[in-house]
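[1] Provided below are the primary sequence and the corresponding predicted coordinates.
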Amino acid sequence: MNNEKLRAGHPHPINNNFNSGLYIHIPYCKNKCPYCAFYSKKYCRKEAEAYAEKLIDEMHKYSGSFDTVYFGGGTPSAVDAELIERLLTAAKERFEIADGAEITIECNPSSEGLEDKIAQYAAMGINRISLGMQSAVKAERLALGRTADKEQVLRIIETARKKGIENVSLDLMLGTPKQTAESLDETLDFIEQTGVPHISAYILSIEEGTPFERLQNKLPLPDEEQTAQLYLKAVGRLEAMGLKQYEVSNFAKEGFESRHNNKYWLLAPYLGLGATAHSFWNGRRFYYDEALNKTDDGEGGTKEEQIMLGLRLKKGIKKALIEKDLTPYIEAGLMEENGENISFTPKGFLVSNTVLAELI
């Protein structure tokens with residue numbers, strides 16, 4: 001991806017060929033997880049087909065060249081694979097999709113018929129799967145509303161590999177009910193066993209309006225200090241497996257970083273289509289509401305965004321972007337210098353929101 005203008009701090013990335021990402025939101029799930037605040041609804045085939053036609057209509061309002069396509073949700077694997085293929089075919093007909101584009105689909109390992117769907121995904125050109133495992137420990141999975149066991153996850157990974165999809169990412173959730181340092185080791189041992197090249201490790205956030213918010217005083221959650229130690233343990237062990245941290249929540253073997261998600265942090269252009277999807281397109285931010293009405297959200301690519309988003313990356317940003325003295329943060333072990341760049345340490349990522357509020 002050509003990011004020379006981004007690295008130079010250019011405030012409005014130019015929409016060069018294949019420098020853009022396409023995001024397609026699939027808002028359907030079999031069941032709603034108790035921690036999830038993302039917009040989703042129960043899958044209904046007839047409704048989903050009508051929704052897909054609306055998305056295809058929206059595609060015709062734009063033109064562009066993309067080197068990544070990302071099907072997120074919701075649970076894209078909850079819908080019929082034919083619907084995903086219809087959307088991907090429409091995108092290829094309407095837009096210029098690069099040869100070798102990274103095409104990702106989010107999957108729940110317990111989705112009905114997923115092994116068959118993976119064969120269909122591979123045939124239509126999808127080459128990356130993001131698998132919502134969350135934990136390899138049964139009690140933790142059930143507390144999160146996730147039912148797929150380790151054997152199911154392994155079967156899905158093996159099926160993907162047999163179909164030529166080597167680029168598989170697993171989701172790992174930290175600070176969850178019943179999680180301990182010992183149980184996290186069990187999950188990390190399982191991750192090492194799978195040999196997957198990418199991990200997304202998120203700290204559980206109790207979101208407004210979710211069942212977890214209503215139950216949070218009764219949930220057996222690790223405290224803030226314990227959660228911090230779980231995060232640092234995960235960082236250390238994943239790094240030892242060759243899964244290098246490249247963003248606050250993402251770890252990858254060399255060459256397997258998410259090209260699509262990196263666009264968000266690097267302020268590359270991306271077009272988001274679907275209910276609640278957000279975009280940064282032609283220097284503007286906008287989003288769709290649940291009824292697919294579009295709302296302009298103002299100018300994007302500001303200096304504040306460059307700092308806030310760029311510091312999510314392990315490589316950080318140019319020190320010259322920040323006017324305040326960074327010495328106290330460096331001395332406290334929260335930030336580190338690397339030539340002309342400044343970045344958060346793993347310890348610093350844990351308090352990054354607080355530090356960013358002081359820097360911006």
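    Perfect, I can see it now. Numbering: from 1, shown residues only.
[2] Okay, now the sheet partners of the longest strand belonging to the chain, with direction.
    When the chain is parsed with DSSP state E, its longest strand is strand 96-107. With DSSP bridges as the test, strand 96-107 is paired with strand 65-73 (parallel), strand 128-134 (parallel).
[3] And the contacts of it?
    17-18, 22, 64-77, 84, 88, 91, 114, 117-118, 121, 125-132, 156, 167, 258-260 (Cβ atoms under 8 Å, 6 or more residues apart in numbering). (Each C-beta comes from the backbone N, C-alpha and C, glycine too.)
[4] could you redo the last one with a cut-off of 7 Å?
    18, 65-73, 75-77, 84, 91, 114, 121, 125-132, 259-260 (Cβ atoms under 7 Å, 6 or more residues apart in numbering).
[5] So which bits of that strand are buried?
    Using 16 or more other Cβ atoms under 10 Å as the test for burial, strand 96-107 gives 97, 101-107.
[6] and what of stretch 319-337?
    Buried-residue list, stretch 319-337, by 16+ other Cβ under 10 Å: 321-322, 326, 329, 334-335.
[7] From start to finish, how long is that stretch in a straight line?
    Using Cα to Cα, to the nearest Å, the end-to-end distance of stretch 319-337 comes out at 8 Å.
[8] for that stretch, what is the average pLDDT?
    Averaging pLDDT along stretch 319-337 yields 96.
[9] now that stretch, how far from the chain's geometric center?
    27 Å (Cα atoms, centre = their mean, to the nearest Å).
[10] So for residue 306, which of the strands paired with strand 96-107 sits nearest?
    Counting by Cβ to Cβ, residue 306 lies closest to strand 65-73 out of the strands paired with strand 96-107; the figure is 20.7 Å.
[11] Quick one: name whatever helix or strand follows the closest one.
    helix 81-94 (DSSP states H and E).
[12] name the helices or strands packed onto that next one?
    Under the contact criterion of 3 or more Cβ pairs under 7 Å, 6 or more residues apart in numbering; DSSP states H and E, helix 81-94 touches helix 45-59, strand 65-73, helix 114-124.
[13] tell me the angle of it relative to strand 65-73?
    For helix 81-94 against strand 65-73, the angle by axes from the mean of the first three to the mean of the last three Cα atoms, to 10 degrees is 160 degrees.
[14] can you tell me which of the buried residues of strand 96-107 lies nearest to residue 287?
    So of these, ranked by how close each gets to residue 287 (Cβ to Cβ), first place is residue 106, at 18.9 Å.
[15] Which residue is the nearest non-sequential neighbour of that closest one?
    Distances taken as Cβ to Cβ, 6 or more residues apart in numbering put residue 130 closest to residue 106, at 4.7 Å, once the chain neighbours are dropped.
[16] hang on, the earlier thing: got JSON lines for the buried residues of strand 96-107, with distance to residue 239 and pLDDT too?
    Formatted as JSON lines, these follow (distance: Cβ to Cβ, whole Å; pLDDT from 0 to 100):
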{"residue": "97", "distance to residue 239": "34", "pLDDT": "96"}
{"residue": "101", "distance to residue 239": "29", "pLDDT": "96"}
{"residue": "102", "distance to residue 239": "23", "pLDDT": "97"}
{"residue": "103", "distance to residue 239": "28", "pLDDT": "98"}
{"residue": "104", "distance to residue 239": "23", "pLDDT": "98"}
{"residue": "105", "distance to residue 239": "27", "pLDDT": "98"}
{"residue": "106", "distance to residue 239": "25", "pLDDT": "97"}
{"residue": "107", "distance to residue 239": "26", "pLDDT": "96"}
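[17] From these, pick the one nearest residue 275.
    Using Cβ to Cβ, these come closest to residue 275 at residue 106, 15.1 Å.
[18] Mark which of the buried residues of stretch 319-337 are part of helices, please.
    residue 329 (DSSP state H).
[19] Show me the two of the buried residues of stretch 319-337 that sit farthest apart.
    Pairwise over the buried residues of stretch 319-337, using Cβ to Cβ, the maximum falls at 321 and 334, 17.1 Å.
[20] what's around residue 69, how many residues?
    26 (other Cβ atoms under 10 Å).
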